[in-house]
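Undergrad: any chance you could fold what I've pasted below:
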Amino acid sequence: MRHTDAEQRQFRKMTQEPVPRLIVTLAIPTIFTMLITAVYNMADTFFVARLGTSAAGAVGIVFAIMAVIQSLGFMIGMGSGSLVSRALGERRREAADEFASTAFAMAVGAGMLLAATGLIFTEELMILLGATPTILPYAMDYAHCIFFGTPFMCCSFVMNNLLRAEGKPVFATIAIGSGGLLNIALDPLFIFGFGLGISGAAIATLISQCVGFAILLYFFLSGRSIAKLSFRRVASHLEVYLRILSIGFPSFCRQGLASASTVALNIAAANYGDAAVAAMSIVGRIFFLVLSVLIGFGHGFQPVVGYNYGAKHYDRVREAFFFCIKAGTAFLACMGALGFLFAPEIMGFFRKEDAMVLAIGTVALRAQCVALPFQPMSVLSNMLFQSAGKPLQATFIAATRQGIYFIPLILILPCFFGLQGVEFTQCISDALSFLSCIPLLIPFFRTLQERSGESA
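TA: Numbering: from 1, shown residues only. Alright, predicted model coming up:
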């Protein structure tokens with residue numbers, strides 16, 4: 001089929017521009033998007049924490065639900081995004097349209113199903129997720145509004161990933177950034193100005209998600225994207241759905257296990273009171289902010305891998321991976337050192353009124369800072385395999401940090417070390433996940449080197 005001038009320029013950019021500059025160019029708007037998301041999540045935590053320790057704990061409980069919503073959105077979005085970027089690298093525009101349209105339809109269906117389930121069984125879900133009797137009322141109020149916004153959140157994740165996959169992260173940044181800034185502005189207004197308490201934080205999140213969704217949808221319907229959304233392009237055969245789900249499954253595994261590990265962490269922490277639940281919730285939000293930079297950097301890396309793997313430029317795939325590993329490790333090592341030194345001050349910013357929250361959170365924060373330099377290897381290896389269409393390797397790596405290692409550790413360590421076992425579980429899991437990547441990367445890059453020789 002005939003390719004437009006814009007598509008030709010995009011193809012040349014993705015397959016010929018120097019790799020470090022290309023990744024940084026794509027990553028900057030994506031990092032900004034991730035930071036805005038992380039900041040408005042932290043804003044929720046900060047403002048809700050003003051309502052008391054139990055309210056702060058409720059944010060951690062509902063965060064597990066939001067991780068499930070993210071896991072569905074990212075599974076469909078990352079699966080379709082990988083297929084779209086490789087299809088564009090192979091110059092198959094119609095296939096890219098089909099993957100994008102099918103993914104959007106899947107997100108609508110999955111979001112509506114999850115919303116209905118959550119609204120019917122809100123109380124049961126909050127108890128299952130580890131809410132104590134004092135945290136439960138806050139968690140239910142917060143969760144209700146989140147469930148109403150689930151279809152919009154799922155669709156936004158998908159459209160966001162599609163735009164990044166075709167190398168247009170600025171559009172996604174505008175949409176997500178606008179919603180995030182709106183959320184930060186509305187939080188104090190609804191929580192304190194209107195006296196809505198924790199429900200105000202949830203309403204602010206719901207409104208911001210709807211605004212972000214509307215902006216993203218406008219970009220697609222106005223023709224600013226390469227891949228087009230159309231009901232006529234939604235696949236009628238099962239193979240396309242299975243391909244999207246199989247390639248996106250590592251993201252579901254990563255995000256789903258993040259939810260499961262949050263639940264396990266909440267339950268383990270609940271044995272030591274609301275202060276422990278609140279402290280671990282705050283630490284989780286802090287590291288979500290720090291890791292958002294790495295994940296945003298990785299999202300700039302993924303379309304480069306997808307395009308060049310599809311175009312058989314394997315040397316550029318290798319160069320992209322090792323550039324990101326070096327940059328990511330250096331950045332997180334610096335952040336880890338700063339976090340370790342200023343852990344009490346960072347925790348005090350959120351809940352200095354509660355000495356128990358401050359003490360528990362400081363230890364947990366320092367433990368995770370020690371393990372921060374291990375994170376780039378596991379995160380970027382997962383994204384590498386996913387973008388190259390290697391779902392088994394990607395799924396295994398995704399499962400190590402939050403599942404294979406974390407869940408057994410959070411069940412075992414507290415039995416021997418009490419509260420310290422809860423505080424150190426994530427640190428140990430991160431180190432083990434780092435080691436698990438090496439045996440998978442060696443044969444992958446050896447195969448790429450052989451293919452490069454054959455195509456030379």
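
Undergrad: correct me, but M75 touches S246?
TA: No: using C-beta atoms under 8 Å, M75 is not in contact with S246, being 9.9 Å away. All C-beta spots, glycine's among them, are computed from the backbone N, C-alpha and C.

Undergrad: and those two? which has more neighbours close in?
TA: Set M75 next to S246 and count neighbours by other C-beta atoms under 10 Å: M75 wins out with 30 against 15.

Undergrad: quickly find the element holding that one.
TA: helix 53-89 (DSSP states H and E).

Undergrad: rounded mean pLDDT for that helix, please.
TA: Mean pLDDT, computed over helix 53-89, is 85.

Undergrad: any idea how far it is from the middle of the chain?
TA: Relative to the mean C-alpha coordinate of its chain, helix 53-89 is positioned 5 Å out (C-alpha atoms, centre = their mean, to the nearest Å).

Undergrad: the helix or strand following it vs helix 53-89, what angle?
TA: Following helix 53-89 in sequence order, the next helix or strand is helix 93-120 (DSSP H and E). Computed by axes from the mean of the first three to the mean of the last three C-alpha atoms, to 10 degrees, the angle separating helix 93-120 from helix 53-89 equals 160 degrees.

Undergrad: can you name every helix or strand that the helix or strand that helix 93-120 is followed by contacts?
TA: Counting by DSSP H and E, the next helix or strand C-terminal to helix 93-120 is helix 122-128. Helix 122-128 is packed against helix 53-89, helix 136-148, with contacts defined by 3 or more C-beta pairs under 8 Å, 6 or more residues apart in numbering; DSSP states H and E.

Undergrad: okay if I get the ones you listed as CSV plus distance to L181?
TA: Below are the helices and strands packed on helix 122-128 laid out as CSV (distance: least, C-beta to C-beta, whole Å):
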stretch, distance to L181
helix 53-89, 19
helix 136-148, 19
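
Undergrad: nearest to Q426, out of those helices?
TA: Closest to Q426 of the helices and strands packed on helix 122-128 is helix 53-89 (C-beta to C-beta; 13.7 Å).

Undergrad: coming back round to it: tell me the most buried of the helices and strands packed on helix 122-128?
TA: Greatest average neighbour count among the helices and strands packed on helix 122-128 goes to helix 53-89 (a mean of 27), per mean count of other C-beta atoms under 10 Å.

Undergrad: so which of the helices and strands packed on helix 122-128 comes closest to Q8?
TA: helix 53-89 (11.1 Å).

Undergrad: the inter-axis angle of the helix holding M75 versus helix 136-148?
TA: Interaxial angle, helix 53-89 versus helix 136-148 (the same axes, to 10 degrees): 20 degrees.

Undergrad: burial count for the residue lying closest to S387 once chain neighbours are set aside?
TA: Closest residue to S387 apart from its sequence neighbours, by C-beta to C-beta, 6 or more residues apart in numbering: V305 at 3.9 Å. By the criterion of other C-beta under 10 Å, V305 has 28 neighbours.

Undergrad: same deal with C155?
TA: 26.

Undergrad: please, which helix or strand holds it?
TA: With DSSP H and E as the criterion, C155 is inside helix 150-165.

Undergrad: tell me what that helix is packed against?
TA: helix 19-49, helix 53-89, helix 93-120, helix 169-188, helix 198-221, helix 274-310.

Undergrad: deepest of those, which one?
TA: helix 53-89 (a mean of 27).

Undergrad: what is the orientation angle of that one with helix 198-221?
TA: Using the same axes, to 10 degrees: helix 53-89 against helix 198-221 is 10 degrees.

Undergrad: now helix 53-89 and helix 150-165, what's the angle there?
TA: Using the same axes, to 10 degrees, helix 53-89 lies at 40 degrees relative to helix 150-165.

Undergrad: tally of neighbours for I428?
TA: 16.

Undergrad: surely it touches Y405?
TA: Yes: between I428 and Y405 there is a contact under C-beta under 8 Å: 7.3 Å.

Undergrad: can you tell me which residues contact I176?
TA: By C-beta atoms under 8 Å, 6 or more residues apart in numbering, the contact list for I176 reads T33, I36, T37, S156, N160, G212.

Undergrad: ok, it to S378 distance?
TA: 24 Å (C-beta to C-beta, to the nearest Å).

Undergrad: also Y241?
TA: 28 Å.

Undergrad: the more surrounded of these two?
TA: More neighbours surround S378 than the other of Y241 and S378, with 22 against 17 (other C-beta under 10 Å).

Undergrad: from G248, how far off is the more buried one?
TA: For S378, the distance to G248 - C-beta to C-beta - is 18 Å.

Undergrad: can you check A105 too?
TA: Taking C-beta to C-beta, one finds A105 at 14 Å from G248.

Undergrad: how about L136?
TA: Computed as C-beta to C-beta, the L136 to G248 distance reads 33 Å.

Undergrad: cool, and A172?
TA: 17 Å.

Undergrad: out of the helices and strands packed on helix 122-128, which comes closest to L265?
TA: helix 53-89 (8.2 Å).

Undergrad: remind me which helix or strand G421 belongs to.
TA: Assigned by DSSP H and E, G421 falls in helix 419-455.

Undergrad: what's the angle from that helix to helix 274-310?
TA: Using the same axes, to 10 degrees, helix 419-455 lies at 0 degrees relative to helix 274-310.

Undergrad: what residues sit buried inside helix 419-455?
TA: 419, 421-430, 432-434, 436-437, 440-441, 444, 448, 452 (16 or more other C-beta atoms under 10 Å).

Undergrad: ok now stretch 222-236, how far from the chain's centre?
TA: Counting by C-alpha atoms, centre = their mean, stretch 222-236 comes out at 25 Å from the chain centroid.

Undergrad: can you pull out the residues in contact with it?
TA: By C-beta under 8 Å, 6+ apart, stretch 222-236 touches 6-7, 10, 84, 88, 93, 96-102, 104-105, 162-163, 166, 168, 171, 219-221, 241.

Undergrad: what about 6 Å?
TA: Residues from elsewhere that reach stretch 222-236 (C-beta atoms under 6 Å, 6 or more residues apart in numbering): 84, 96-98, 100-102, 104-105, 162, 166, 219-220.

Undergrad: let's have these in JSON lines, adding distance to F331.
TA: Shown next, in JSON lines, are these (distance: C-beta to C-beta, whole Å):
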{"residue": "V84", "distance to F331": "28"}
{"residue": "A96", "distance to F331": "32"}
{"residue": "D97", "distance to F331": "37"}
{"residue": "E98", "distance to F331": "38"}
{"residue": "A100", "distance to F331": "32"}
{"residue": "S101", "distance to F331": "37"}
{"residue": "T102", "distance to F331": "36"}
{"residue": "F104", "distance to F331": "34"}
{"residue": "A105", "distance to F331": "38"}
{"residue": "L162", "distance to F331": "27"}
{"residue": "E166", "distance to F331": "26"}
{"residue": "F219", "distance to F331": "30"}
{"residue": "F220", "distance to F331": "33"}
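
Undergrad: which among the residues you listed gets closest to A58?
TA: Of the contacts of stretch 222-236, the one sitting nearest to A58 (C-beta to C-beta) turns out to be F104, at 32.1 Å.
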